[in-house]
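A.B. asks: my questions are about this predicted structure, shown below with the sequence.
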Amino acid sequence: MASKKFDKNTLKRLFFGYILKYYKFKFFFVIVLVILTALASVASSLFIENLIDDYISPMLASSHPVFTPLLKALSVMAIIYAIGVVSNYVYQRMMSRIAQRNIKNNS
């Protein structure tokens, strides 16, 4: 099997002649959602570290722990996860609709 070279003209035709011609708004919206999903993923990872260091460890040393700050922090964490899940769902759904429309139009 012979390897094929990367063709810049095909990429330009696909991107400028097709994607930005028919799906300009959806394309940029998907890019924003992908970035938002990635940021939510990174923020949730960093938030777990802060949650353990700032809330859980001090509560273990306390004889009478107060759970209110921990519950507030967990609520913020739940919101971050929800933003990530919703943005991931929306951009996956948009991309599948675009792909299905392309298959239908090109059949």
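C.D. replies: That came in fine, so what should we check first?
A.B. asks: going forward, measure contacts and count neighbours with C-alpha atoms only.
C.D. replies: Will do.
A.B. asks: now the farthest one out in this protein, which residue is it?
C.D. replies: No residue in the chain sits farther from the centre than Ser63, which is 40.2 Å out by C-alpha atoms, centre = their mean.
A.B. asks: three-state assignment of that one?
C.D. replies: Under DSSP: H, G, I helix; E, B strand; the rest coil, Ser63 falls in the coil class.
A.B. asks: which phi and psi does it have?
C.D. replies: Backbone torsions for Ser63, taken as degrees, to the nearest 10, come to phi -80, psi -30.
A.B. asks: where does the prediction get shaky in the chain?
C.D. replies: 1-2, 106-107 (pLDDT under 70).
A.B. asks: how about the helices of this protein, start to end?
C.D. replies: Applying DSSP state H to the chain gives helices spanning 8-14, 20-22, 24-51, 57-61, 68-106.
A.B. asks: got the contact list for the residue most central in space within the chain?
C.D. replies: The residue lying closest to the centre of the chain (C-alpha atoms, centre = their mean) is Thr37, at 1.6 Å. For Thr37, the contacting residues are Ile83, Gly84, Val85, Ser87, Asn88, by C-alpha atoms under 8 Å, 6 or more residues apart in numbering.
A.B. asks: and it, how close does it get to Ala82?
C.D. replies: Going from Thr37 to Ala82 by C-alpha to C-alpha, to the nearest Å gives 10 Å.
A.B. asks: Met59 reaches Val66, doesn't it?
C.D. replies: Yes: using C-alpha atoms under 8 Å, Met59 is in contact with Val66, at 7.4 Å.
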